[in-house]
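1. Okay, predicted coordinates and the sequence, questions at the end:
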Amino acid sequence: MKKKIAIAMGGYSSEYRISINSGNVVYHNLDPEIYEPYRVHILQSEWFVVAADDTPYPINKSDFTVAINDEIIQFDCVFNTIHGTPGENGLLQAYLELLNIPQTTCGYYQAALTFNKRDLISVLKPFGVKTARNYFLDANDPIDTAKIVEKVGLPCFVKANRAGSSFGITKVKEEAGLYAAAKTAFAEDDQAIIESFLDGTEVSVGVITYKGEIMALPVTEIVSENEFFDYEAKYLGKSQEITPARISEEDRDKVQEIAKMIYRKLKMKGFTRSEFIFQNGEPHFIEMNTTPGLSQASILPQQAEKAGISLPELFGSAIEAALIFKY
């Protein structure tokens, strides 16, 4: 019997359209001989299944089932492609764990931790992971620009602490620009992180559990036409994503090992994509994404292709891992 797979997409954040693109790619690339996929839109206003004829059927939130043509559909697994809340910050994971429904991404604790850039950096530093110098700012804090510049220097990056896809991020070159940058960050989140500028090669490292083994995918080099890897660079073609990256074998091995170490230490599962910038020959960790984009424009599918893994194999492996995973 085919396994019924709910592909969760959408979410409550600015990234919901990106998530729907990712979810549709999964929907069209699951092996139809093994899986029966359902597109599940999880929006702040409502949760519903989009049938093949585009008819919406509401999800029963008490048990995550759906009634279609008088049949109650119970899902064997949820393939989580939601960027932002509630699929990337742990809320959906906790809900599904309470219902004892397997899902393809990390657990609720890992999701909450990695979604919070400030907390994640604090956890990883004792393991020797290098990062930029950083300064933490909350929405109700006074903005002491002199203190910020003394700590992180200029230029620097002001980011929303809990947001993805380069929403709420500004590169600041002058001290006076910190006020507007903070306002941009606080439009996405009430916490911000301000980081020193790292001048070097930016790379992205996908790590997955594939056929029971933790595997680092080929490294991607990010070359943005803009000043940094912002939304336009990430989704509107304003960047080059070069896989494999034009770095030495030694640097490749080093950054892959760090990415795998982080995956293991945090007891991750599913797909992750970690960003690093090489400065003075050392990879500095920027952030980890636990529901990386899976659209045609996304980095992790490009890396999988270079590793000889097709999308049906990639997605199917994530489902099978979720069905047997035990924390």
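-> Right, received. Where do you want to start? Fair warning: this is a prediction, and the values are worked out from it, not measured in the lab.
2. What's the local residue count around Ala259?
-> A count of neighbours around Ala259, defined by other Cβ atoms under 10 Å, yields 27. Every C-beta, even on glycine, is put in place using the N, C-alpha and C of the backbone.
3. Assumed it was part of a helix.
-> Yes: assessed by DSSP: H, G, I helix; E, B strand; the rest coil, Ala259 belongs to a helix.
4. Find the nearest non-adjacent residue to it, please.
-> Once flanking residues are discounted, Ala259 sits nearest to Val205: 4.0 Å by Cβ to Cβ, 6 or more residues apart in numbering.
5. Return the distance of that neighbour relative to Asn134.
-> 21 Å (Cβ to Cβ, to the nearest Å).
6. just to revisit the earlier point, residues near the residue nearest to Ala259, how many?
-> Val205 sits with 30 neighbouring residues when counted by other Cβ under 10 Å.
7. how close does it sit to Lys2?
-> Counting by Cβ to Cβ - Val205 and Lys2 are separated by 34 Å.
8. what does Glu313 give?
-> Separation of Glu313 from Lys2 (Cβ to Cβ) stands at 17 Å.
9. Same check on Arg118?
-> Distance, Arg118 to Lys2, by Cβ to Cβ: 43 Å.
10. And Ala304, by the same measure?
-> Relative to Lys2, Ala304 is positioned 24 Å away (Cβ to Cβ).
11. Looking at these two, which one has more neighbours?
-> Taking neighbours as other Cβ under 10 Å, Ala304 and Lys2 compare with Ala304 leading, 25 against 13.
12. in what helix or strand does that one lie?
-> For Ala304, the element it lies in under DSSP states H and E is helix 299-306.
13. Buried ones in that helix, by neighbour count?
-> 299-304 (16 or more other Cβ atoms under 10 Å).
14. now, which of those residues sits nearest Leu99?
-> Leu300 (27.3 Å; Cβ to Cβ).
15. okay but the closest one is in contact with Pro218, surely?
-> No: Leu300 is beyond contact range of Pro218, at 10.5 Å (criterion: Cβ atoms under 8 Å).
16. Please list all residues in contact with Leu323.
-> The contact partners of Leu323, taken as Cβ atoms under 8 Å, 6 or more residues apart in numbering, are 3, 76-77, 102.
17. Most neighbours of all the residues you listed, which one?
-> Cys77 (22 neighbours).
18. Spatially, what comes nearest to that one if we skip its sequence neighbours?
-> The spatially closest residue to Cys77, leaving aside those adjacent along the chain, is Pro102, at 4.7 Å (Cβ to Cβ, 6+ apart).
19. swap in Ala318?
-> Spatial nearest neighbour of Ala318, chain neighbours left out: Thr104 (4.4 Å); criterion: Cβ to Cβ, 6+ apart.
20. List phi and psi for the residue nearest the centre of the chain.
-> Closest to where the C-alpha atoms of the chain average out (Cα atoms, centre = their mean) is Asn289, at 2.7 Å. The phi/psi pair for Asn289 (degrees, to the nearest 10) reads phi -110, psi 120.
21. give me the element the residue lying closest to it once chain neighbours are set aside is part of.
-> Spatially, and ignoring its direct neighbours in sequence, Asn289 is nearest to Arg273 (4.7 Å; Cβ to Cβ, 6+ apart). Assigned by DSSP H and E, Arg273 belongs to strand 272-279.
22. pull the CA atoms of that strand into CSV?
-> Extracted in CSV, the C-alpha atoms of strand 272-279 (Å, rounded to 0.1, in the frame of the first residue of the first chain):
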residue,chain,number,x,y,z
THR,A,272,20.3,21.1,6.7
ARG,A,273,22.2,23.8,4.9
SER,A,274,24.9,25.7,6.7
GLU,A,275,26.4,29.0,5.5
PHE,A,276,30.1,29.8,6.1
ILE,A,277,32.5,32.6,5.1
PHE,A,278,36.2,31.8,4.8
GLN,A,279,38.3,34.6,6.5
